[in-house]
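Undergrad: I need the structure of the sequence given here:
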Amino acid sequence: PLARTADLHLAPRPGTDAALALALIDALLRRRVADQGFLAAHVDGLATLAAAAAAWPVARAAAECDVPAADIERLI
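TA: Purely as a prediction, here's the structure:
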């Protein structure tokens, strides 16, 4: 019921939510949408996370999660 009220609802295949999250992180970092100053001041291990996320571009995550890439892009 809650999904029906959402502007966008993604339903990744079970067990693939981490791939989706990493794709979102990668896109946000690459596009510099995330607040770089805040991240630098408050996040430990950002470089490690960014490296892991780089392995999950939107197209790869979309295929793995069985979610349209266009829908993932809409989240960003």
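
Undergrad: what's in contact with the lengthiest helix in the chain?
TA: Counting residues, the longest helix found in the chain (DSSP state H) is helix 17-30. Helix 17-30 is contacted from outside by 10, 12, 33-34, 49-50, 52-58, 60-62, 64-65, 67, 72-73, 75-76, using Cβ atoms under 8 Å, 6 or more residues apart in numbering. All C-beta spots, glycine's among them, are computed from the backbone N, C-alpha and C.

Undergrad: check which element follows it along the chain.
TA: helix 36-42 (DSSP states H and E).

Undergrad: how far off helix 17-30 does whichever helix or strand comes after that next one point, in degrees?
TA: Later in the chain than helix 36-42, the nearest helix or strand by DSSP H and E is helix 46-54. Angle, helix 46-54 to helix 17-30, by axes from the mean of the first three to the mean of the last three Cα atoms, to 10 degrees: 110 degrees.

Undergrad: spatially central residue in this structure, please.
TA: residue 24 (1.5 Å; Cα atoms, centre = their mean).
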